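J.: after the sequence you'll find the predicted model.
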Amino acid sequence: MSTPAPRLDDLISREYQHGFVSEVESDAIAHGLSEDVIRVISSKKNEPPFMLEWRLAAYRHWLTMREPEWANVHHPPIDFQDIIYYSAPKSQKNGPKSLDEVDPELLRVYEKLGVPLKEREMLAGVAVDAVFDSVSVGTTFKEKLGSMGIVFCSFSEAVQEHPELVQKYLGSVVPYTDNFFAALNSAVFSDGSFCYIPPGVRCPMELSTYFRINAKDTGQFERTLIIADEGAYVSYLEGCTAPMRDENQLHAAVVELVAMERAQIKYSTVQNWYPGDKEGKGGIYNFVTKRGDCRGARSRISWTQVETGSAITWKYPSCILRGDESIGEFYSVALTNNYQQADTGTKMIHIGRNTKSTIVSKGISAGRGQNAYRGLVKVLKSADGARNHSQCDSLLLGDRCGAHTFPYIEVKNSTAQVEHEASTSRIGEDQLFYCRQRGLSAEDAVSMIVSGFCKEVFKELPMEFAVEAQKLLGVSLEGSVG
Amino acid sequence: MPSNDKQRTSGEPMLVVRDLAVKVDDKQILRGLDLTVNPGEVHAIMGPNGSGKSTLAQVLAGREAFTVTGGEVRYQGHDLLALAPEERAREGVFLAFQYPVEIPGVSNVYLLKAAVNAVRRHRGEQELDAMEFLSLIREKMKLLDMNDQLLFRSVNEGFSGGEKKRNEILQMALLEPALAILDETDSGLDIDALQVVSKGINALRSPERAMVLVTHYQRLLDYVVPDFVHVLAHGRIVKSGGKELALELEARGYGWIEQETARETAQAAK
Ligand SMILES: Nc1ncnc2c1ncn2[C@@H]1O[C@H](COP(=O)(O)OP(=O)(O)OP(=O)(O)O)[C@@H](O)[C@H]1O
Ligand SMILES: [Mg+2]
């Protein structure tokens, strides 16, 4: 690395230069990726042989793949040999020692979002002492779930405690051959969440990574696996509305959902990683593979997402509608401001008979943000009576941003009904003026109009999440009106 | 003929517009407009289509698309043009729009509550919570004979023409402005609705409050009797009078005023 490095390298190598090598020499794996590195990762995590085999197979496959270029996003090339793939326990040496050292801009955002003081420290990456309020919360919570047979733990824990479940379902929805980033994730993922709901059990609370003790430092290659067995129900919340301070620029997570007969999974995400500054410097590259498999008849999977963070987002939560009469839903709000880029959408693959899918996508672009919706609705020959309704709306704030829609429809069955509606509108000068004439500030007016635009998606979110998401939109749009 | 200047009142005028000139897209619309409105007064502004009535209303409310190229506007003794639209609103300037704007997905009641609380905050009053607000609004809606449902629908979306106009008056009733400018609030109302809306307007008439009604028709003025009537043409007030001027306009149209003005101008030139 002699030439002035691109932004990504910069960030990744920073951790390497400070904090890592000198301190924990023996525990460190040099940056770069090889079979040896994967063996070390697996052995450090004390994994059973099937895991190592799987990781290696993924790695070998990854070597044959090329980074996708088709997404409507632009970034300097990523040097995958310049990433550190194992760094546990993650060093907090670079982290601020107290909130006084944290970027005041970030603190102002926490305040606006109403994040409790204690959590602000954690989110800002302040090295806090081990015992934390949420730990005890998490423990009592787990006991209650455990008594119902629900497994909810970190992925590493699941590999140790429930290897048979992991082996049965891991990669069964997103095989490592799926795409470049999924292969990379499969080879090197460090941790993530695991959840199993036994037959007939309705999970009594919203499960959230936020409450999980091991949620911290799951790293840039996170893996989530959720299984709802026959007739089970679970609502899972990923993320948190407050922006997380993070040293890793590349995030390549994989989420797999499996819904057996009559099972239902609701998966809600609020993604607010660091988007980069106003000039477009820094920010997270968020390349995620999320897929749900409606494996059983009359199962149902709903994805709801509010994406306001990251410099680049590349994400298509999808549903495979295999079971007859299964239902897939996708509700999305994606907001890009300043120099953010988002290429997101969904895939609905209809295989079973009378399967149904609904897509509601709301893209908001402000500043120089670029927002693309990319959706595929595929109806296979077997899917008699399949139905899809897609609605993609774009809202533009200002005239330097962009919205793009790429709907792909492949129908192999003549009994299928597929409908697609799309619209693009600009926040009207007249709407803004109307609200301001009634006493609202320009920023409140924009935030209200945008929330109105997103209403159909917000109503799918759990209540408190919806309120937070609305606040978050307001904060994310700050400064986007003159 | 009565004229503003001769009339009352002690204390400060509500609104003084002096020699106001306004452009939009390089087109001069207002060319030296004068108007003085005192507290307690109701002024009607009439005039041909395209003469600049809505332009005046929007400039007073702070619409940025219009450029003030000359003159001044004082509101309660302060420079009105120096204030942002929301500041004017919070200080008590209200505009009932000729074409109320639709805002999809935002419920009417949400906007109304946000507006009322923005004004209350500005005045240093406690914000109303949802329950307090609902009981306040129900009371006002009764006055306007409005259907509850309109509260929970998106702002103006799919409202009939008359419902939109009632909604504007509802907002006025809630915000209790000091200066209300009503731009053709009577247009598009059926006979019953006109009476209801007029009742709503009259209920707000008070010695502290002033109103400017932009209208094309005498029939509104039968219900809401103005203290003054002005004719706006070619970007200025070309004639002012009492309520009988509106009746004369109704009978004779605007042509005679144009001729009169032309004569006066010619005389002045001599
Ligand atoms: N944004 C704009 N761009 C260009 N011209 C405009 C704009 N707004 C108003 N005008 C023009 O200014 C003139 C005055 O318009 P205004 O709306 O003030 O008239 P009005 O007196 O309210 O008419 P009406 O009785 O039909 O409502 C018209 O010729 C109109 O076309
Ligand atoms: Mg008009």
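T.: Alright, I've got the coordinates. Ligands and ions are numbered 1, 2, ... in the order given.

J.: check contacts around residue 261.
T.: No chain in the question, so chain A it is. Applying CB atoms under 8 Å, 6 or more residues apart in numbering or on different chains, one finds that A:Glu261 lies in contact with A:Glu230, A:Gly231, A:Arg295, A:Gly296, A:Ala297, A:Arg298, A:Ser299, A:Gly323. Every residue, glycine included, has its C-beta placed from N, CA and C.

J.: hmm, I had chain B in mind actually
T.: Taking CB under 8 Å, 6+ apart as the criterion, B:Thr261 is in contact with B:Ala233, B:Val238, B:Lys239.

J.: what helix or strand is it on?
T.: According to DSSP states H and E, B:Thr261 maps onto helix B:255-269.

J.: next one: that helix to chain centre, how far?
T.: Taking CA atoms, centre = their mean, to the nearest Å, one finds the center of helix B:255-269 at 28 Å from the center of the full chain.

J.: what comes up buried for that helix?
T.: B:Ile257, B:Thr261 (16 or more other CB atoms under 10 Å in any protein chain shown).

J.: neighbours of the closest residue to chain B within chain A, how many?
T.: Relative to chain B, the nearest point of chain A is A:Gly452 (3.0 Å; CB to the nearest CB). When neighbours are defined as other CB atoms under 10 Å in any protein chain shown, A:Gly452 has 21 of them.

J.: buried stuff in whichever strand or helix holds it?
T.: Using DSSP H and E, A:Gly452 maps to helix A:442-453. Residues A:Ala442, A:Asp444, A:Ala445, A:Val446, A:Ser447, A:Met448, A:Ile449, A:Val450, A:Ser451, A:Gly452, A:Phe453 are the ones in helix A:442-453 that count as buried (16+ other CB under 10 Å).

J.: intersect these with the contacts of ligand 2.
T.: Among these, no residue is within reach of ligand 2 (CB under 5 Å from the ion).

J.: number of nearby residues for A:Val37?
T.: When neighbours are counted by other CB under 10 Å, A:Val37 registers 19.

J.: meant to ask about B:Gly71, not that
T.: Counted with other CB under 10 Å, residues neighbouring B:Gly71 total 17.

J.: so it is in which element?
T.: B:Gly71 belongs to strand B:67-75, assigned by DSSP H and E.

J.: elements contacting that strand?
T.: Contacts defined by 3 or more CB pairs under 8 Å, 6 or more residues apart in numbering or on different chains; DSSP states H and E place strand B:67-75 against strand B:15-24, strand B:27-37, helix B:53-61.

J.: report the buried residues of stretch B:189-199.
T.: For stretch B:189-199, the neighbour count (16+ other CB under 10 Å) marks B:Leu189, B:Ala193, B:Leu194, B:Val196, B:Val197, B:Ser198 as buried.

J.: point me to the residue of chain A nearest ligand 2.
T.: At 13.9 Å from ligand 2, A:Asp430 is the closest residue in chain A, using CB to the ion.

J.: now do the SS call for the residue nearest to the spatial centre of chain B.
T.: Nearest to the geometric centre of chain B sits B:Ile181, at 1.3 Å (CA atoms, centre = their mean). Using DSSP: H, G, I helix; E, B strand; the rest coil, the structure places B:Ile181 in strand.

J.: can you tell me who it pairs with across the strands?
T.: Beta-bridge partners recorded for B:Ile181 (DSSP bridges): B:Leu95, B:Val212.

J.: and the pLDDT for B:Arg123?
T.: Looking at B:Arg123, its pLDDT stands at 90.

J.: so what's the nearest residue to A:Val450 once chain neighbours are set aside scoring on pLDDT?
T.: Spatial nearest neighbour of A:Val450, chain neighbours left out: A:Leu473 (5.5 Å); criterion: CB to CB, 6 or more residues apart in numbering or on different chains. Looking at A:Leu473, its pLDDT is 73.

J.: show me the contacts for A:Leu473.
T.: A:Val306, A:Thr308, A:Val333, A:Leu335, A:Ile364, A:Ser447, A:Val450, A:Ser451, A:Cys454.

J.: what helix or strand is the residue in the stretch 51-200 of chain B that chain A sits nearest to located in?
T.: The stretch 51-200 of chain B approaches chain A most closely through B:Gly105 (3.0 Å), counting by CB to the nearest CB. B:Gly105 belongs to strand B:103-107 when assigned by DSSP H and E.

J.: tell me which strands that strand pairs with, and in which orientation.
T.: strand B:154-155 (antiparallel).

J.: please identify the buried residues of the next helix or strand after the strand it pairs with?
T.: Along the chain past strand B:154-155, the next helix or strand (assigned with DSSP H and E) turns out to be helix B:161-175. For helix B:161-175, burial by neighbour count (16+ other CB under 10 Å) applies to B:162-175.

J.: now do stretch B:100-116
T.: Neighbour-count burial for stretch B:100-116 [16+ other CB under 10 Å]: B:100-116.

J.: pull the CA atoms of stretch B:15-23 into PDB?
T.: Extracted in PDB, the C-alpha atoms of stretch B:15-23 (Å, rounded to 0.1, in the frame of the first residue of the first chain):
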ATOM      1  CA  LEU B  15     -51.400  46.100   7.900                       C
ATOM      2  CA  VAL B  16     -49.900  48.800   5.800                       C
ATOM      3  CA  VAL B  17     -48.900  48.100   2.200                       C
ATOM      4  CA  ARG B  18     -47.100  50.900   0.500                       C
ATOM      5  CA  ASP B  19     -46.300  51.200  -3.200                       C
ATOM      6  CA  LEU B  20     -45.800  47.400  -3.400                       C
ATOM      7  CA  ALA B  21     -44.300  46.200  -6.700                       C
ATOM      8  CA  VAL B  22     -44.000  42.400  -7.300                       C
ATOM      9  CA  LYS B  23     -42.500  40.400 -10.200                       C
END
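
J.: my read: A:Lys378 touches A:Met348, true?
T.: Yes. Using CB atoms under 8 Å, A:Lys378 makes contact with A:Met348 at a distance of 7.1 Å.

J.: quote the end-to-end distance of stretch A:395-412.
T.: Start-to-end span of stretch A:395-412 (CA to CA, to the nearest Å) is 33 Å.

J.: contacts for it?
T.: A:72, A:336, A:345, A:362-381, A:390, A:392, A:394, A:418, A:420, A:422, A:424-427, A:446, A:450, A:453, A:477, A:480-481.

J.: please redo it, this time with the cut-off set to 6 Å
T.: Residues from elsewhere that reach stretch A:395-412 (CB atoms under 6 Å, 6 or more residues apart in numbering or on different chains): A:72, A:363-366, A:368-381, A:392, A:394, A:418, A:420, A:422, A:424-427, A:453, A:480.

J.: sitting in helices, which of those residues do you find?
T.: Among the contacts of stretch A:395-412, the members found in helices (DSSP state H) are A:Phe453.
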